[in-house]
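Participant: Sequence and predicted structure below; questions after.
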Amino acid sequence: MRRMAWSRIRGVLLVLTAAAPMAACQTRPMQVAQDDDSAWYIGTKADKPFDIPLVDTERLDPKYRRQQVSYNGPEQPGTIVVDIDKRQLLLVQADGTAMQYGVGVGKAGFSWKGEARVGRKGVWPDWSPTTTMVSLNPDLPRLRKGGLDNPLGARALYLYQGHRDILFRIHGTNEPWSIGEQLSSGCVRMLNEDIADLYERVPVGTRVLVKRNGKYRV
């Protein structure tokens, strides 16, 4: 199993911090923790073509750590439910439980409505800015190849309504301190290790619902 040297992790994280304003679902400037960013990481998980940096989840509120929980909602097993208020994503299971993950969510006014589905999936995906992003920041690169410094992280689930890509993603993040926050422009961000786990559990076509104030956004 390949391992990334700690010095390399440190260098990667410095690059990621500098790249934060170009995130796939752009974020506001953030106050990063005072200690060195590399303190968030405890090792790596073998993956291709890059190893996934593993986060020290002890730094997260327990409710944002990946866990199996009891669930009695009305959704069919296999449905993804994003609870904006709780900053949690749940994958409904068939046994009265759900896999629960902590997420970062969109700012008020930047979250999609209605039902969506996973239209396609990407492993270490490339990133391109939307037309709106380019209009606000013409200097943005038009393409960034997948990799450790890519704002989509290790995996991405692309959300569609009908046959239309609605330009919202469930994706990895290189800013683990943003989990539990409401700061992106509408996408749902997860720890890279968590989006990799979810990616393996859901097929293309998976139903995706969003809740706010206990109700679906329709």
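Facilitator: Perfect, I can see it now. Residues are numbered from 1 along each chain as shown.
Participant: Tell me which residue is most central in the protein.
Facilitator: Note on the chain: the residue nearest the mean C-alpha position is Arg189, at 2.1 Å, using C-alpha atoms, centre = their mean.
Participant: if I read this right, it contacts Gly102, doesn't it?
Facilitator: No. Look at Arg189 against Gly102 with C-beta atoms under 8 Å: they stay out of range, at 9.9 Å. Bear in mind the C-beta positions are built from the backbone N, C-alpha and C, glycine included.
Participant: which stretches of the chain form helices?
Facilitator: All helices of the chain, identified by DSSP state H, fall at 6-19, 131-136, 192-201.
Participant: ok so, going back, which residues do Arg189 and Gly102 both contact?
Facilitator: Ile179 (C-beta atoms under 8 Å, 6 or more residues apart in numbering).
Participant: where exactly do the strands run in this structure?
Facilitator: With strands called from DSSP state E, the chain shows them at 41-45, 52-55, 67-70, 80-83, 88-92, 97-102, 105-106, 116-123, 155-161, 164-173, 182-184, 188-191, 207-212, 215-216.
Participant: Of those, which shows the lowest average pLDDT?
Facilitator: Note on these: strand 182-184 shows the lowest mean pLDDT, a mean of 79.
Participant: one step back: out of the helices of the chain, which gets the lowest mean score?
Facilitator: For these, mean pLDDT drops lowest on helix 6-19, to a mean of 45.
Participant: which ones are touching Gln68?
Facilitator: Shown in contact with Gln68 (C-beta under 8 Å, 6+ apart): Gln93, Thr97, Ala98, Met99, Gln100.
Participant: Check whether the third one really touches Leu89, as I assumed.
Facilitator: This points to Ala98. No. Between Ala98 and Leu89 there is no contact, the gap being 9.4 Å when judged by C-beta under 8 Å.
Participant: Find residues that contact each of the two.
Facilitator: The contact sets of Ala98 and Leu89 overlap at Val81 (C-beta under 8 Å, 6+ apart).
Participant: Which residue comes closest to Ser70 once chain neighbours are left out?
Facilitator: In this structure, Ser70 finds its nearest non-sequential neighbour in Thr97, 5.9 Å apart by C-beta to C-beta, 6 or more residues apart in numbering.
Participant: quick one: contacts for the one you found?
Facilitator: Thr97 neighbours (C-beta under 8 Å, 6+ apart): Gln68, Val69, Ser70, Tyr71.
Participant: Output those residues as JSON lines; include the columns distance to Thr132.
Facilitator: As requested, those are exported to JSON lines (distance: C-beta to C-beta, whole Å):
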{"residue": "Gln68", "distance to Thr132": "38"}
{"residue": "Val69", "distance to Thr132": "36"}
{"residue": "Ser70", "distance to Thr132": "40"}
{"residue": "Tyr71", "distance to Thr132": "35"}
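Participant: By neighbours, which of these wins?
Facilitator: Taking other C-beta atoms under 10 Å as the neighbour criterion, Tyr71 ranks highest of the contacts of Thr97 with 18 neighbours.
Participant: give me phi/psi at that residue?
Facilitator: phi -150, psi 130 (degrees, to the nearest 10).
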